[in-house]
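Quick one, fold the following:
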Amino acid sequence: MGFDIGEPLLPKPAVGGSRVRSFMRAYGVPLAVAVVCVTVGVMHPLAAEAAKSTRLTVCTSQLGRDVQCSSVVETDGKDGRRNVMPFYAVTLTISAEVASVIFAFFATAATEGSITAARKRLFTPKATFRLWPVGVAYGVGDLLQAFACNSASAPVVLVIGQCKLLLTAVLTMLVFGSRGPQQWGNLTIITLAAIAGAHNGATHTYSSVIRASEVRGAFLALVKAGLSASGAVISERFYKDSTEGFWVMSFRVQSMMLATSLAILLSMDGSETPGSFSEFFGGGPIPLCMQGAGDFPCDPFSGECQCVDRVGWDAWTFLAMLAIALNGMVTGLTLKHLSAVGKAICNALAVAVFYPAYVILGFKPFDLTQAAIIGVIIISSYQYATNKAKKPVREHVREAPTVRRCRGASTGTTPDEPWGCRG
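The predicted model follows:
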């Protein structure tokens, strides 16, 4: 997502026909893409939060004595356990990428007229491997996003992700050799507010276990934001300049993401990956809590133990998988049909809609400090994006006086007159 591309939010409307018809011809597709972008931007973190459908119990002991479990926090009697995903996080990203690849293949077959034609068009190794930097950035980023959502609450992950505005601006300047944005102060405010929001969410917790998990999730989300910014900067021109068609590009990018995830699966520690195909959907990295086997749900006498109430996929996991798959496809659509400025505004609007929905659905009580910080991020992001959209207009206005002086010239024969004023 390059923020130095000076293009308007929406294309100029075509002349002719009624105003409504002209408006829909010019703006119909971009507006539909913007609505879908905001909707998926809200649905994605909510679905990831809902997929954390079990609670993690942590028991610790000191020299085999004084066992303490996180089921109840003594200070206020509240449940000190945090919600976690009861399945292997890597299975979520791999399944979403497989679904995206299959959908893009059949969408290409529908546009090409047959499966045979789609197969000939899509299975071109040279063109696919050309996109490996994009696939690696997005593939690793999706996996880190799953780990971050499992460790931290959705507002922390979403807020710290807004640091990618500054990261994207820096990467665009370095990769494309541009001068960089004129709003470094605004970008710095967004980044500092994102860090403050993540810190506020991490420190206002019931226990030190949850606090440490929130900090870990915020760090993973920050790394993911950097990868997302890198992938967007590289892939925007691929999507805009390619003549291959959207679904062909989507298939190739998702294929490289899937290859990246499979390589990570093979290289990960055995405790974080399923040991058999049956555990792919029915297992998890944390064992089940023991029922009636003793005074404690797990064996804490080795120092610390962890257990969960249930393992494996459920309906919420399937919903999260669909949200991740949709998010990948919508990212490509926004890069193709909207400008980078429009994509930034969609992200800001998604955050604005997300937090009220997050509170209303009962995931977490309303936090005035966090809401105020999110408000600062939304307003600053919107101002940054709209100022970028107005920049070409301001440059055009600055050039206008020169044009008027040229038109007012009586002759074009004097040596000091600009060439454009001559007859």
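
Do a quick rundown of the strands in the protein.
In the chain, the strands defined using DSSP state E lie at 54-62, 65-69, 82-84, 304-308.

which neighbours does the second one have in its sheet, and in what orientation?
Paired with strand 65-69 in the same sheet, following DSSP bridges, are strand 54-62 (antiparallel).

who's in contact with the partner strand?
Contacts of strand 54-62 from elsewhere in the structure, counted by Cβ atoms under 8 Å, 6 or more residues apart in numbering, are 67-71, 79, 81-86, 209, 286, 289, 296-298, 300-301, 303-311. All C-beta atoms are positioned from the backbone trio N, CA, C, and that covers glycine.

Next, the buried residues of it.
Neighbour-count burial for strand 54-62 flags 54-59, 61 (criterion: 16 or more other Cβ atoms under 10 Å).

Among these, pick out the one closest to Leu220, please.
Leu56 (16.9 Å; Cβ to Cβ).

Excluding sequence neighbours, find me the nearest residue to that closest one.
With sequence-adjacent residues excluded and distances taken as Cβ to Cβ, 6 or more residues apart in numbering, Leu56 is closest to Val84, at 4.5 Å.

Please tell me how far the one you found sits from Ser271.
For Val84, the distance to Ser271 (Cβ to Cβ, to the nearest Å) stands at 14 Å.

Pick out whichever of those two has more residues nearby.
More neighbours surround Val84 than the other of Val84 and Ser271, with 22 against 9 (other Cβ atoms under 10 Å).

Could you count how many residues lie near Phe251?
As a measure of burial, Phe251 has 26 neighbours, counting by other Cβ under 10 Å.

in the stretch 151-300 of the chain, what spans have low per-residue confidence?
Residues of the stretch 151-300 of the chain meeting the criterion pLDDT under 70: 172, 175-183, 202, 204-209, 235-243, 292-295.

returning to what we had before: just the buried subset of the contacts of strand 54-62, please.
Of the members of the contacts of strand 54-62, the ones counted as buried by neighbours, 16+ other Cβ under 10 Å, are 69-70, 81-86, 209, 286, 289, 296-298, 300, 305-309, 311.

on that earlier part again, go through the strands of the chain and name the closest to Ala218.
Within the strands of the chain, the stretch nearest Ala218 is strand 82-84; the backing value is 14.1 Å (Cβ to Cβ).

Show me what the closest one is packed up against.
In this structure, strand 82-84 packs against strand 54-62, helix 208-241, with contacts taken as 3 or more Cβ pairs under 8 Å, 6 or more residues apart in numbering; DSSP states H and E.

The longest one: which residues count as buried?
To tie it back to what came earlier, the one meant is helix 208-241. With burial defined by 16+ other Cβ under 10 Å, the residues of helix 208-241 counted as buried are 209-211, 213-236, 238-239.

and the angle for it with strand 304-308?
An angle of 60 degrees separates the directions of helix 208-241 and strand 304-308 when computed by axes from the mean of the first three to the mean of the last three Cα atoms, to 10 degrees.

Spatially nearest residue to Leu158 (excluding sequence neighbours)?
Spatial nearest neighbour of Leu158, excluding adjacent residues (Cβ to Cβ, 6+ apart): Pro45 at 5.2 Å.

and the one you found, how far is that from Val84?
Applying Cβ to Cβ, one obtains 16 Å for the distance of Pro45 from Val84.

do the same with Lys364
With the distance defined as Cβ to Cβ, Lys364 ends up 15 Å from Val84.

count of residues packed around Leu368?
Other residues near Leu368 come to 7 when the count uses other Cβ under 10 Å.

The closest residue to Tyr88 other than its chain neighbours: neighbouring residues, count only.
The shortest distance from Tyr88 to any non-neighbouring residue, by Cβ to Cβ, 6+ apart, is to Pro274 (5.4 Å). Pro274 has 19 neighbouring residues, counting by other Cβ under 10 Å.

quick one: contacts for Pro274?
Applying Cβ under 8 Å, 6+ apart, one finds that Pro274 lies in contact with 88, 91, 280, 283.

Could you tell me which residues within stretch 355-369 count as buried?
For stretch 355-369, by 16+ other Cβ under 10 Å, it's 355, 358-359, 363-364, 367.

Any chance of JSON lines for those residues, columns pLDDT and distance to Thr317?
Written out in JSON lines, the entries for the buried residues of stretch 355-369 read as follows (pLDDT from 0 to 100; distance: Cβ to Cβ, whole Å):
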{"residue": "Tyr355", "pLDDT": "85", "distance to Thr317": "24"}
{"residue": "Tyr358", "pLDDT": "87", "distance to Thr317": "19"}
{"residue": "Val359", "pLDDT": "88", "distance to Thr317": "23"}
{"residue": "Phe363", "pLDDT": "82", "distance to Thr317": "17"}
{"residue": "Lys364", "pLDDT": "80", "distance to Thr317": "20"}
{"residue": "Asp367", "pLDDT": "81", "distance to Thr317": "27"}
